[in-house]
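Chemist: Following is a predicted model, sequence given first.
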Protein chains: 2
Amino acid sequence: MDRQGILIIVSGFSGAGKGTIMKELTARCEQYALSVSATTRQPRPGEEEGREYFFRTREQFERMIADGELIEYACYVNNYYGTPRAWVEEQLEKGRDVILEIEIQGARKVKKQYPDAVLLFVMTKDIQTLMERLAERGTEAPEVIAERLRQAVAEAEGIEEYDYLIVNDDLNACVEQVHSIILSEHEKVIRNREKIARIRAELEELVKGE
Amino acid sequence: MDRQGILIIVSGFSGAGKGTIMKELTARCEQYALSVSATTRQPRPGEEEGREYFFRTREQFERMIADGELIEYACYVNNYYGTPRAWVEEQLEKGRDVILEIEIQGARKVKKQYPDAVLLFVMTKDIQTLMERLAERGTEAPEVIAERLRQAVAEAEGIEEYDYLIVNDDLNACVEQVHSIILSEHEKVIRNREKIARIRAELEELVKGE
């Protein structure tokens, strides 16, 4: 592939279904690679090392920070989460579109280092639905839900820093929409500088020859 | 419709097929409205007043300029071409996506007045194909083709001012691609400020209520 991959940053309210959308997207199209974060939080039942997360101790994680091995990291509900740099850059160079599912502080840090990244913000169709989904998940204590709600208010303050708003009403439609957005992004002039330079050179050659 | 239409500016090399793409797009989807330009050039066989162009005398056209009735106008191969403002704004307010097929000087003027406009640049898959299409059209004298080639070099200088590069290889694929780009553009955060404000207000209300 002669085209460079796109770095896709996905944030959104907890419970809006970003994880499900992105898993479905990577399952359908090989062009997408879902970045696996490192974290210090405990594995949930069924989670596997290297699949959902790289589970690390606080000490290990802090060494990764010190060695510059993370594109971004943040502390959330008392645990570290971070994005390993080497794997991401390798995938982008192969032409794959890499999806980072991170919160807004992380998104800001990544955008600074990768200004061509595309930022998606996922939300439910309304707040009522968001509350229902948070309650249904059933794995969280009420105080965690309350904390996530406060977090949602903080995240909502930053929506304008994102490029696209993804409303997750129907999963299938939503996955198609994200895919369509990324395909369109590949046609951006800023992502086709080489092709443009080639056409321009040919054209000038032709006019000179007249 | 509660959403605002998008102003779509389409430029590209003469012979790249922008007219055909845009006619096909408007034929397939009602959301698109193709702007009809005013011009002082003579009608070609089969062209109809108000369909391909509004044909005006030089005097009439210059009065439209003086009265500010045109979003942009330019002189090209010794004739005026311009975009009537009132019709465009009416369509945008109705929520329709309005397509302006204009050259780069006009595109720059429109972008200044409508910064949220989306700029598309249409090209053939290579320069060889462009030359073939210019020759095939058969309605132009060799000196007109040569002039268009020089014009193409000038237009190519400005490609970076456009948002998307549309390579017209297969017409059907190309029309689908443009449609997909416009649908994606509608999901841009900058085009959904009202929806975001509503969600944010609801969320803050909820947290206050706790």
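Modeler: Done, it's in.

Chemist: Going by neighbour count, list what's buried in the worst-scoring helix or strand of chain A on mean pLDDT.
Modeler: Counting by mean pLDDT, DSSP states H and E, chain A has its least confident helix or strand at helix A:127-137, which shows a mean of 79. For helix A:127-137, burial by neighbour count (16 or more other CB atoms under 10 Å in any protein chain shown) applies to A:Ile127, A:Thr129, A:Leu130, A:Met131, A:Arg133, A:Leu134. Heads up, the C-betas are built off the backbone N, CA and C, glycines and all.

Chemist: tell me which strands and helices the host helix or strand of A:Glu143 is in contact with?
Modeler: Here A:Glu143 is covered by helix A:142-156, with elements defined by DSSP states H and E. On a contact count with 3 or more CB pairs under 8 Å, 6 or more residues apart in numbering or on different chains; DSSP states H and E, helix A:142-156 meets helix A:127-137, helix B:193-209.

Chemist: mind running it again at 10 Å?
Modeler: Applying 3 or more CB pairs under 10 Å, 6 or more residues apart in numbering or on different chains; DSSP states H and E, we find helix A:142-156 packed against strand A:7-12, helix A:104-113, strand A:118-123, helix A:127-137, helix B:193-209.

Chemist: B:Asp169 is nearest to which of those?
Modeler: Proximity to B:Asp169, assessed across the helices and strands packed on helix A:142-156 by CB to CB, is greatest for strand A:118-123 (24.7 Å).

Chemist: quick check: angle from the closest one to helix B:193-209?
Modeler: For strand A:118-123 against helix B:193-209, the angle by axes from the mean of the first three to the mean of the last three CA atoms, to 10 degrees is 50 degrees.

Chemist: which residues touch A:Glu204?
Modeler: A:Glu204 makes contact with B:Ile127, B:Ala152, B:Val153, B:Ala156, B:Glu157, according to CB atoms under 10 Å, 6 or more residues apart in numbering or on different chains.

Chemist: Pull the number of nearby residues for the fourth one.
Modeler: The local packing of B:Ala156 (other CB atoms under 10 Å in any protein chain shown) involves 23 other residues.

Chemist: May I have the residues that are in contact with the residue nearest to it when sequence neighbours are not counted?
Modeler: Excluding its sequence neighbours, the residue lying closest to B:Ala156 (CB to CB, 6 or more residues apart in numbering or on different chains) is A:Arg200, at 4.8 Å. A:Arg200 makes contact with B:Ile127, B:Ala152, B:Val153, B:Ala156, B:Glu157, B:Ile159, according to CB under 10 Å, 6+ apart.

Chemist: Quick check: the gap between A:Glu142 and A:Trp87.
Modeler: One thing to correct before we go on: residue A:142 is Pro, not Glu. Using CB to CB, to the nearest Å, A:Pro142 is found at 37 Å from A:Trp87.

Chemist: Could you check which of those two is surrounded by more residues?
Modeler: Shown here are A:Pro142 and A:Trp87; by other CB under 10 Å, A:Trp87 has more neighbours (13 against 8).

Chemist: What's the separation between the more buried one and A:Lys23?
Modeler: Look at A:Trp87 and A:Lys23: by CB to CB, they are 18 Å apart.

Chemist: Based on its surroundings, how many neighbours for A:Leu171?
Modeler: So A:Leu171, with other CB under 10 Å, has 12 neighbours.

Chemist: Same check on the one 5 residues further on?
Modeler: Other residues within reach of A:Glu176 by the criterion other CB under 10 Å amount to 13.

Chemist: Helix, strand or coil: sort out the closest residue to A:Arg148 other than its chain neighbours for me.
Modeler: Distances taken as CB to CB, 6+ apart put A:Ser14 closest to A:Arg148, at 4.5 Å, once the chain neighbours are dropped. When classified by DSSP: H, G, I helix; E, B strand; the rest coil, A:Ser14 comes out as coil.

Chemist: need the helices and strands packed on helix A:142-156 in CSV with distance to A:Thr40, can you?
Modeler: CSV is the format used below for the helices and strands packed on helix A:142-156 (distance: least, CB to CB, whole Å):
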stretch, distance to A:Thr40
strand A:7-12, 20
helix A:104-113, 15
strand A:118-123, 25
helix A:127-137, 21
helix B:193-209, 28
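
Chemist: what about the ones you listed, which gets the closest to B:Glu93?
Modeler: helix B:193-209 (14.4 Å).

Chemist: so that closest one versus helix A:127-137, what angle?
Modeler: Using the same axes, to 10 degrees: helix B:193-209 against helix A:127-137 is 60 degrees.
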